[in-house]
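>>> Fold the following for me, if possible:
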Amino acid sequence: MEIRLLVLRTSNTKLLADFYSLLGLKFEYHKHDNSPYHYSAIIESTIVEIYPLAKNQDKADKNLRLGFGIENFDQVMITLKTSQVDFSQEPTQTEFGFMTIIIDPDGRKIELYKNS
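Prediction:
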């Protein structure tokens, strides 16, 4: 089994796409048939999409937690700190590997792991 699609919903799609671009994702802005315009990026076989909030949503779900393995971890840390991204946990060695936790513009905690 593998994850093929991950959809994040937000009130500000451009802001969220710009944020995740700091991690190295490369987004395209497009739409499919009747869907709204949205941002889409590919990580290996997984598509990550950023959509506007659904009609019944008044705010983004900040309880979703994501984790990404980062190839150029040290450079991404410099970029995140320069961009004044909020860190919930500074980079540190854990039982799961060297990692940090940042907070996206919607308040989601994002775990970033240093790939060896």
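>>> if I look at the most centrally placed residue in the chain, how far off is Glu95?
Computing the C-alpha centroid of the chain and ranking residues by CA atoms, centre = their mean puts Tyr20 first, at 4.4 Å. To Glu95, Tyr20 is 26 Å away according to CB to CB, to the nearest Å. (C-beta placed from N, C-alpha, C; glycine too.)
>>> go on, Val7?
Taking CB to CB as the measure, Val7 falls 30 Å from Glu95.
>>> The two: who's more crowded?
A count of neighbours by other CB atoms under 10 Å puts Val7 above the other of Val7 and Glu95, at 12 against 4.
>>> who touches stretch 63-75?
Applying CB atoms under 8 Å, 6 or more residues apart in numbering, the contact partners of stretch 63-75 are 6, 8, 23-24, 43, 76, 91, 98, 108-115.
>>> Ignore what I typed, I meant stretch 2-21.
So stretch 2-21 is contacted by 27, 29, 37-39, 41, 45-54, 57, 59-61, 64, 66, 85, 104-106, 108 (CB under 8 Å, 6+ apart).
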